[in-house]
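**Student:** mind looking at a prediction? Sequence and model below.
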Amino acid sequence: EVQLVESGGGLVQAGGSLRLSCAASGLIFADYAIGWFRQAPGKEREGVSCISSSDGSTYYADSVKGRFTISRDNAKNTVYLQMNSLKPEDAAVYYCLLEDKLGFRYWGQGTQVTVSS
């Protein structure tokens, strides 16, 4: 059984930092590309960042570029999203997504990030 467990969300003041984690089990973690998505109330889910399964290449949405850093530790089956200089508009539920080369996808349960101004 595949399980994704997210953690690290919480309440932070604007300008602060949080590190989200997504720990996976029940799959070969290194085979999966991983993305972080977020969804704020009343808005569509949007892609924030992703990291490849092969060469570790990364992508960031313009809104978070220079502030967020995605990384993965295949030995720990965990992906991280370091979020710095947080803004109120970063507040959302953050989800991790794992996708293999055949298109099989697994979503995490989400973790709430709240940023106070």
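**Tutor:** Done, it's in.
**Student:** which residue is nearest the middle of the protein?
**Tutor:** When Cα atoms, centre = their mean is applied to the chain, the residue found nearest the centroid is Trp36 (3.0 Å).
**Student:** Val113 and Tyr59, how far apart?
**Tutor:** Applying Cβ to Cβ, to the nearest Å, the value for Val113 to Tyr59 is 20 Å. Backbone N, C-alpha and C define where each C-beta goes, glycine included.
**Student:** quick one: which of those two has more around it?
**Tutor:** Between Val113 and Tyr59, counted using other Cβ atoms under 10 Å, Val113 has the larger neighbour count: 22 against 14.
**Student:** paired strands for the helix or strand where Leu20 lies, with orientation please.
**Tutor:** Element membership of Leu20, judged by DSSP states H and E, is strand 18-25. Partner strands for strand 18-25, per DSSP bridges, with pairing direction: strand 3-7 (antiparallel), strand 78-83 (antiparallel).
**Student:** hey, least reliable of those strands by pLDDT?
**Tutor:** Sorting these by mean pLDDT places strand 3-7 lowest, at a mean of 95.
**Student:** ok, and for that one, which residues are buried?
**Tutor:** Buried residues in strand 3-7, counted by 16 or more other Cβ atoms under 10 Å: 4, 6.
**Student:** equivalent analysis for stretch 103-110, please.
**Tutor:** 106-108, 110.
**Student:** just those: which are in helices?
**Tutor:** Cross-referencing these against helices under DSSP state H gives no overlap.
**Student:** identify the residues contacting Arg19.
**Tutor:** Going by Cβ atoms under 8 Å, 6 or more residues apart in numbering, Arg19 touches 8, 80-83.
**Student:** please report how far it lies from Gly42.
**Tutor:** For Arg19, the distance to Gly42 equals 27 Å [Cβ to Cβ].
**Student:** no more questions from me, cheers.
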